[in-house]
Each structure stands twice: as C-alpha cells, then as structure tokens.
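**Student:** Fold the following and give me the result.
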Amino acid sequence: MIASPWQGFLFDFDYTLADSSPGIELCVQAALASQGLPPAGRREIQATIGLALPAAFQRLVPGRPELHALLAADFVRQADRIMVAHTEFFPASLRILRLLQRQGARLGIVTTKYRRRIEAVLARDHAAELIQVIVGGDDVSDPKPHPEALLLALQRLRVRPGSVLYIGDSVVDAACARAAGLPFLGVASGPTPASALRKQGAWAVASGIGRILPCLRMHEAL
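**Tutor:** Numbers count the residues shown, from 1 in each chain. Reported below is the predicted structural model:
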C-alpha cells in the first residue's frame, strides 16, 4: 500500500496543495495602498506566503512596526471578500488526497491561513469529506514554525504516534515538523528550492504534490 507505514498525513496548504498567490498578492497590495505605502514586488510577496500575517508584513515593511497590525487587519478584510475565488487546488491535489483516503489514511491540513478559508475552498470543490482535521492560523497562539499547530492536529487526528508525515513547501514547514518531532516530506512547488528543503531536514523532496507517491514508496522500501 502507498500509504503504509503512515496512518496519517498532514499537509501545508499554500504552494503545497493549492495556489492562492493571486489572491494574496491582491490583498497585500490593497493593504499597502490603504496605508499610503508603495506596492511590493511580486517576488517579495511570494517569499512571504506561508508566514503569519504580522511576520509577512514585517518583511515587506521593515522598520514600521506600528503599521503591521493595521496592514494585517486590512489584508483580512480584503481576503474575506476575494481569497476563496482566487484560490485553486493544484491539478493533482484532490486525486492524491482521494487515493490516500481510500487506503485508510487520515488526512489533515495545518496552515497559517484562516481555517474558514480552507473550509470554504474544500466546500466549493466538493472535497470537504477528504479532510478530517484543519488547523489554521486562527486556531493557535503561536504560528509556524512553532509546533503548536502540528501538535494540535496530531491530537485531533487520533492516530498512532510516529505514524504521521507532514508535507510542505517551505523551510518554515520543515522547521515546524522538526519542532513537533514529525518526519517531513518537501514539495518544491513554491519559491523554496529543493536544496533548501533538504538542508532543513526533508528526507525526500518531490517536485510537486502529484509526485509524492514515488517518495512514499521509496520510504516504505527502506
């Protein structure tokens, strides 16, 4: 079985299962404009995807801590209007999730994105039944790379300790997995190169979510 020896799989969302970068870019630019700030570059914004909002704006607007909370609030207001419409699963994501579920694995999503946005995207694409656990950035006090979100997901997933794999696209995901004591499988579908994911402890790196099955088979054979 492809899922063996794993009883559960936890996934990051942005750049791992889905692409919401168009929506994130629109929300960031709108937030910056609302505070009279110049627009940010696309690559600058993409490099912050996966960070909690305060940390993202700290990178984009360094030295202006008094603005970070205002920018985050403006981002959330924009995201409530447009984010779901500007979020799409990668073509292979739902196929992979369905395959793992058919083999008896329990599946969850652990992300800095608000849980309600994940729920809305899953409902829109008739895929809510695939995911047993969602832990969003609004469910925890300390965002990734702090392990709180992963540890909460593990508690709710109700599977044997040591049988859960975390899959993500960034060094923040890798650090979070390490802090929670979980093995980490990287996917190089975002701006983070495979070499950086390996350096941070990924035992394997797939080019995208549709290519994780050979990695799982390889691990089963070890």
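**Student:** Could you tell me the phi and psi values at the spatially most distant residue from the centre of the chain?
**Tutor:** Distance to the chain centre peaks in the chain at Gly36, reaching 29.9 Å (criterion: C-alpha atoms, centre = their mean). With angles defined as degrees, to the nearest 10, Gly36 sits at phi 70, psi 20.
**Student:** Would you quantify the distance from it to Val28?
**Tutor:** 15 Å (C-beta to C-beta, to the nearest Å). For glycine as for every other residue, the C-beta is placed from the backbone atoms N, C-alpha and C.
**Student:** Name the residues of the helix or strand bottoming out on mean pLDDT in the chain that are buried.
**Tutor:** Least confident element among the helices and strands of the chain, by mean pLDDT, DSSP states H and E: helix 212-221 (a mean of 78). By neighbour count on 16 or more other C-beta atoms under 10 Å, the buried set for helix 212-221 is 212-213, 215-216, 219.
**Student:** Which strand or helix spans Arg117?
**Tutor:** In this structure, Arg117 sits in helix 115-124 according to DSSP states H and E.
**Student:** In CSV, could you pull the C-alpha coordinates for that helix?
**Tutor:** The C-alpha trace of helix 115-124 is given here as CSV (Å, rounded to 0.1, in the frame of the first residue of the first chain):
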residue,chain,number,x,y,z
ARG,A,115,-9.4,27.8,8.8
ARG,A,116,-12.6,29.2,7.4
ARG,A,117,-10.9,29.9,4.1
ILE,A,118,-9.7,26.3,3.8
GLU,A,119,-13.2,25.0,4.7
ALA,A,120,-14.7,27.3,2.0
VAL,A,121,-12.3,26.1,-0.7
LEU,A,122,-12.9,22.5,0.2
ALA,A,123,-16.7,23.0,0.2
ARG,A,124,-16.6,24.8,-3.2
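**Student:** Contacts made by that helix with the rest, please.
**Tutor:** With contacts defined as C-beta atoms under 8 Å, 6 or more residues apart in numbering, helix 115-124 is touched by 13, 18, 79, 83-84, 87, 89, 109, 111, 128, 130-131, 134-136, 138-139.
**Student:** and those, which of them are in helices?
**Tutor:** Ala79 (DSSP state H).
**Student:** Give me the buried positions along stretch 197-215.
**Tutor:** 197, 200, 202, 204-206, 208-209, 212-213, 215.
**Student:** meant to ask about stretch 129-140, not that
**Tutor:** Residues of stretch 129-140 classed as buried: 130-137, 140 (neighbour count, 16+ other C-beta under 10 Å).
**Student:** now, which of those lie within strands?
**Tutor:** 133-135 (DSSP state E).
**Student:** Name the nearest of these relative to Leu94.
**Tutor:** Ile134 (15.4 Å; C-beta to C-beta).
**Student:** right, and that closest one touches Gly108 too?
**Tutor:** Yes - taking contacts as C-beta atoms under 8 Å, Ile134 lies within contact range of Gly108: 6.7 Å.
**Student:** need the contact list for Ile24.
**Tutor:** Taking C-beta under 8 Å, 6+ apart as the criterion, Ile24 is in contact with 14, 45, 49, 83.
**Student:** The same query, at a cut-off of 10 Å, please.
**Tutor:** Applying C-beta atoms under 10 Å, 6 or more residues apart in numbering, we find Ile24 in contact with 14, 45-46, 48-50, 56, 75, 78-79, 83, 86-87, 113.
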